[in-house]
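Asker: Predicted model and sequence follow; I will ask about them next.
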Amino acid sequence: QVQLVESGGGLVQAGGSLRLSCAASGSIFSINAMGWYRQAPGKQRELVAAMPSGGSTNYADSVKGRFTISRDNAKNTVYLQMNSLKPEDTAVYYCNADVRAVPAYRYTAYWGQGTQVTVSS
């Protein structure tokens, strides 16, 4: 069993910053890509940022230059530093990880429970 636990959401004024964390735990053999998605009310879930185990990064155009994804492989943890936040960044943010769990032979996508980020104008 694998769990992803997110933390760091909250309420912030426009222009402010937040840092999200997501720690994976359980019977983990290895983790491939880790990333963050978000879902605003009435909208589909969208990719915010992703980071394969090799270290490259991928960002949504709307967050480029403002958000930074990083990971600590030793801690099975991924972070999302969010700067210059805008009201349109308001959403529930979900952590995602491609995990090979013991004793599986394939990678499976796991999701966190979500953390609310609210940016006031």
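Answerer: Nice, thanks for sending it over.
Asker: Contacts for the helix or strand hosting residue 119, please.
Answerer: Secondary structure assignment for residue 119, by DSSP states H and E: strand 115-120. Contact with strand 115-120 is made by 6-14, 16, 18, 20, 38, 82, 85-93, as judged by C-beta atoms under 8 Å, 6 or more residues apart in numbering. Every residue, glycine included, has its C-beta placed from N, CA and C.
Asker: So what are the sheet partners of it and their directions?
Answerer: strand 10-13 (parallel), strand 91-101 (antiparallel) (DSSP bridges).
Asker: send the alpha carbons of the shortest one over as CSV?
Answerer: Once non-C-alpha atoms are left out, strand 10-13 reads as follows in CSV (Å, rounded to 0.1, in the frame of the first residue of the first chain):
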residue,chain,number,x,y,z
GLY,A,10,-3.8,27.7,2.6
LEU,A,11,-5.1,31.2,2.1
VAL,A,12,-2.7,33.9,0.7
GLN,A,13,-3.1,37.3,-0.8
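Asker: For it, what is the distance to the chain centroid?
Answerer: Strand 10-13 sits 17 Å away from the centroid of its parent chain (C-alpha atoms, centre = their mean, to the nearest Å).
Asker: If we go by neighbour counts, what in it is buried?
Answerer: Buried residues in strand 10-13, counting neighbours by 16 or more other C-beta atoms under 10 Å, are found at residue 12.
Asker: Which parts of the chain are strands?
Answerer: Using DSSP state E, the strands of the chain run over residues 2-7, 10-13, 18-26, 28-39, 46-51, 58-59, 67-72, 77-82, 91-101, 108-111, 115-120.
Asker: Mean pLDDT added to these, as CSV?
Answerer: Shown next, in CSV, are the strands of the chain (pLDDT from 0 to 100):
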stretch, mean pLDDT
strand 2-7, 95
strand 10-13, 98
strand 18-26, 97
strand 28-39, 96
strand 46-51, 97
strand 58-59, 96
strand 67-72, 96
strand 77-82, 98
strand 91-101, 96
strand 108-111, 96
strand 115-120, 98
